[in-house]
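>>> pasting a predicted model and its sequence here:
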Amino acid sequence: MIEVEVKGDIEHAIRLLKKKLQMDGIKKELKRREYYEKPSVKRRRKQAEAKRKLRKLVYRMARDY
């Protein structure tokens, strides 16, 4: 459960909540589940995500050396 403490400024609390939702991936998940996704499209999306993660990992490892 995501909690945000409101200290007077509600706009600030809403911004913090949106940022936390985005960091946890909940916002992305809700958007993805809004419509039906065919199995073939789902498979291609997952493959693309895996490639992106691998590329990101390789980049980070190369940068650290």
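Alright, I've got the coordinates.
>>> how is this protein partitioned into domains?
The chain is divided into the following domains under automatic domain parsing: 1-34, 37-65.
>>> helices or strands up against the helix or strand bottoming out on mean pLDDT in the chain?
Lowest by mean pLDDT, DSSP states H and E among the helices and strands of the chain is helix 26-32, with a mean of 89. In terms of contacts (3 or more C-beta pairs under 8 Å, 6 or more residues apart in numbering; DSSP states H and E), helix 26-32 is packed against helix 10-24. In this view, the C-beta of every residue, glycine as well, is placed from N, C-alpha and C.
>>> mean confidence score for the helix or strand harbouring Glu49?
Following DSSP states H and E, the helix or strand that holds Glu49 is helix 39-64. Throughout helix 39-64, pLDDT has a mean value of 94.
>>> same deal with stretch 14-23?
Averaged across stretch 14-23, pLDDT comes to 91.
>>> with only the CA atoms kept, save that stretch in CSV.
Once side chains and other backbone atoms are set aside, the C-alpha atoms of stretch 14-23 remain, and they are given as CSV (Å, rounded to 0.1, in the frame of the first residue of the first chain):
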residue,chain,number,x,y,z
ILE,A,14,-1.0,14.5,-5.2
ARG,A,15,2.3,15.0,-7.1
LEU,A,16,4.1,12.8,-4.6
LEU,A,17,1.5,10.1,-4.9
LYS,A,18,1.7,10.2,-8.7
LYS,A,19,5.5,9.9,-8.6
LYS,A,20,5.3,7.0,-6.2
LEU,A,21,2.8,5.2,-8.4
GLN,A,22,5.0,5.8,-11.4
MET,A,23,8.1,4.5,-9.6
